[in-house]
Structures are given as C-alpha cells and as structure tokens.
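Engineer: This is the structure alone, sequence omitted:
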Ligand code: FES
C-alpha cells in the first residue's frame, strides 16, 4: 500500500498541531499529549511528524521514536480506512473468535496487525469489548458485530468494499 506521507498535503494538520503544542507550553507530559493529538490529526505518526515534534519541542528524535513505538496506542504505520477489531477476550475466545480472526485474515489476505494492500482495512485483535453476551464479537470502525459466524465474513467485508 501507499506509505508516502505528503507534507504539503498535510500542511493544515501541522498548523493545527503547532497551535496545540503552543497551547500546552511548559505543561507536564507534553510529549504524550502531543503524540496523541498528532495521531488524531494524521491517523498515525509518520517519521515526518515525529521530526516536526522533535524540532518544536526540542526533544531528540530517538526519544520520540522510542515513545511512539513503545506504547501500543500509537502507530508509526498508516492505518486502513476501516479498522477491524476482533475480540480475543475470554468469552469471545471460548466461542471461537479465533476462527473469526482467521477467516478475516484469509479473506483480506493480511496478517493480524497489518493493513491490506489497498489501504482499506487494518486487522487487529483486541481485548474484551464489553459486550460479552454477544460473543464472538468484532468491530468495524464504530459498528459492533455480535455472534459472528466466520462464514458471513466475506459478505460483511464486501459491504465495506463498496
Ligand atoms: S470477551 Fe469479547 S466482548 Fe467481552
């Protein structure tokens, strides 16, 4: 998939981020807050954004990279247009959510944690999503799918490909 990050195209995002950083001046935990904000603006933390933050906050790039790769809530790789999360919590796991995850990986031809070639889907395994009564559960963006039958995966995916 396309991984190039276009600085020019994202100019507005950098302006928004800079404003946000200015508003935080001298506050505690500025790096974590800035990384969260940057991820919400750009969807992930490409190296160009990390460099920008490094220069603006005067923090070494290596330190920023270290934080961005240590915490699972941050991603340095672009995410797909749709995020699919399959619950592997206990209630879902005993109801065979692994088969749901496997079917998704097979249908999308992608590994867990990765994004499809066309940039449409990112497949992830998650912890309990808080609706165990519907096990096995998966989410696509903000939509919850309960009692998922692996056989229905191809048609569910097809409805998002339109
Ligand atoms: S274990 Fe899957 S929703 Fe709770």
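Structural biologist: Sure, I can see it. Treat the numbers as computed from the prediction; the structure is a model and nothing was measured. Residues are numbered from 1 along each chain as shown.
Engineer: how far away is residue 37 from residue 131?
Structural biologist: 29 Å (Cβ to Cβ, to the nearest Å). Using the backbone N, CA and C atoms, a C-beta is placed for each residue, glycine as well.
Engineer: Compare those two and say which one has the larger neighbour count.
Structural biologist: residue 37 (18 against 15; other Cβ atoms under 10 Å).
Engineer: Retrieve the pLDDT associated with the residue nearest to the more buried one when sequence neighbours are not counted.
Structural biologist: Leaving aside its sequence neighbours, residue 37 sits nearest to residue 20 (Cβ to Cβ, 6 or more residues apart in numbering; 4.9 Å). For residue 20, the pLDDT comes out at 96.
Engineer: swap in the one 10 residues further on?
Structural biologist: Looking at residue 30, its pLDDT stands at 93.
Engineer: so who does it touch?
Structural biologist: 21, 24, 57 (Cβ atoms under 8 Å, 6 or more residues apart in numbering).
Engineer: In PyMOL, select just the buried ones from these.
Structural biologist: Here is the PyMOL command that selects the buried residues among those (16 or more other Cβ atoms under 10 Å):
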select buried, resi 21
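Engineer: between the contacts of residue 30, which is nearest the ligand?
Structural biologist: residue 24 (35.2 Å; Cβ to the nearest ligand atom).
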